[in-house]
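In: with the input below, show me the fold.
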Amino acid sequence: MKKTVYFVVSILMTVICGCHSGAEGDGKVAEGVELRGDTVRVAEGSVVAGRLETEVVRLEECSLDITTTGEVTAIPTQYAEVSSPMAGRVVKSFVHLGQTVGVGSALYEVSSSDYSEVVKNYMQSKSELEQAKRKLARVKDLRDNNVASAKELEEAQMEYDIAQEEFNHAAAVGREYHLDLGKAVVGQPLVVRSPVRGKVLKCDIVTGEYLKEDEESKVIVADLDKVWVKVNISEKQAPMVENIERVEVRLVAMQDSVVEGKITYVGGMLDPETRTLQTVVECRNEGHKMLPNMYATVTLKAKSQKSIVLRKEAVLQDTKGRYVLTKEGEGVYVKRYVEVESLGEKQVVVNSGLEEGEEIVTKGAFYLVRG
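Out: As a prediction, the model looks like this:
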């Protein structure tokens, strides 16, 4: 009975000690390798000791590039989706696909009763304003010569003020619909004009078609001499954007062709869902090969700077983060947590946690980690 109790107690003590040791991560890692906290001791002459390689870290010139995807878009100020501001029937078209038009070029004509009413009100209010203006000038002249009364002058001024308000309202309606009422003629169709210079990318105008007020745009005009490529930079890479000095754009459709670009805008806030920062790259579009909605691979090349560069196998990771093993003495290595960025497929750049001149394990570090 005593032997049985002693055996059970021994097993419990072994389990408790084992659990305690595992929780703290201390103990024997391999033959000749012992772990205590963040410190690893390797016995001289052990098999593991012969498999370790160390190196004193130095600063070296490197460039941290950002590679991401982007989408080609027209520059908003040089792009217009043109629709009729008022309902009506198309009576004439002036353009076709691929045609180059200038600012103010006529695109198509629409016969619209609403437009005729706006023009009529504008002309009428303009005429009434001119009449009220002439009457006010005449009454003022008569008042100056003591022929007209103060009441007559007051009434003339009131008529002028009312006429001015009516005219301002009619002109405001024209501006709201982007109409040039100064050149409008009663009875003539509404001429829909291009607000930008560029090429006609879409032309769905059909003569005789009736257009509703909420009709989608029938004509798209864009100047594609320059285009934007919109890219999204990850939250982690966002601080690196300010060091970018050159941008290379490769269209998915033409990977062998490189287009130089420049950053023209960096977003002021992160997208809360994607956690990315929108960045706009502007490119000269020779031959108009870059078309809106095309996808591209974008490489943002940073200025060269001196940094600590390590092979990826020198950096390990645990639940606390990434770390390296620094050599603190013969056979003594200590965990050092670091912040790193990828540099190509085989290297990383150390942003913090390690100083030039320190010696670290560069090969065989995984032998010192508890499996």
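In: any idea how the protein splits into domains?
Out: Domain assignment for the chain, taken from automatic domain parsing, gives 23-62+306-368, 66-76+223-304, 113-188.
In: please name the bridge partners of residue 92.
Out: Counting by DSSP bridges, residue 92 forms beta bridges with residue 109.
In: sorry, slip of the keys, the one I care about is residue 329.
Out: With DSSP bridges as the rule, residue 329 is bridged to residue 332.
In: ranking the domains of the chain by mean pLDDT, which is last?
Out: Averaging pLDDT over each of the domains of the chain singles out domain 23-62+306-368 as the lowest, with a mean of 85.
In: nearest to residue 95 among the domains of the chain would be which one?
Out: Taking Cβ to Cβ as the measure, these were each checked against residue 95, and domain 66-76+223-304 came out nearest at 15.0 Å. Placement of C-beta: from N, CA and C, glycine included.
In: which residue ranges of the stretch 251-371 of the chain form strands?
Out: 254-266, 276-284, 295-302, 305-311, 316-318, 321-329, 332-337, 339-343, 347-352, 359-363 (DSSP state E, counting those that start in this stretch).
In: the stretch 51-200 of the chain now?
Out: 53-56, 59-62, 66-74, 79-82, 88-93, 100-101, 106-111, 190-193, 198-203.
In: what's the neighbour count on residue 69?
Out: Other residues near residue 69 number 13, with proximity taken as other Cβ atoms under 10 Å.
In: so what's it up against?
Out: Contact criterion Cβ atoms under 8 Å, 6 or more residues apart in numbering gives 231, 295, 296, 297, 298 as the residues in contact with residue 69.
In: now do it against residue 297, distance only.
Out: 6 Å (Cβ to Cβ, to the nearest Å).
In: pretty sure residue 164 contacts residue 130?
Out: No. In this structure residue 164 lies outside contact range of residue 130 using Cβ atoms under 8 Å: 10.8 Å.
In: specify which residue of those two has the higher count of neighbours.
Out: The neighbour count for residue 164 versus residue 130, taken as other Cβ under 10 Å, is higher for residue 164 (15 against 12).
In: from residue 218, how far off is the residue lying closest to that one once chain neighbours are set aside?
Out: With Cβ to Cβ, 6 or more residues apart in numbering as the measure, residue 129 is the residue that lies nearest to residue 164, at 6.0 Å, once sequence neighbours are left out. For residue 129, the distance to residue 218 under the criterion Cβ to Cβ works out to 36 Å.
In: same question, residue 299
Out: When Cβ to Cβ is the yardstick, residue 299 and residue 218 sit 39 Å from each other.
In: more neighbours, those two?
Out: Remark: of residue 299 and residue 218, residue 218 carries more neighbours, 21 against 16, as counted by other Cβ under 10 Å.
In: tell me the predicted confidence for the more buried one.
Out: pLDDT, residue 218: 91.
In: residue 199 too?
Out: According to the per-residue confidence, residue 199 scores 95 in pLDDT.
In: ok, residue 292 touching residue 73?
Out: Yes. Proximity of residue 292 to residue 73 meets the contact threshold set by Cβ under 8 Å, at 5.6 Å.
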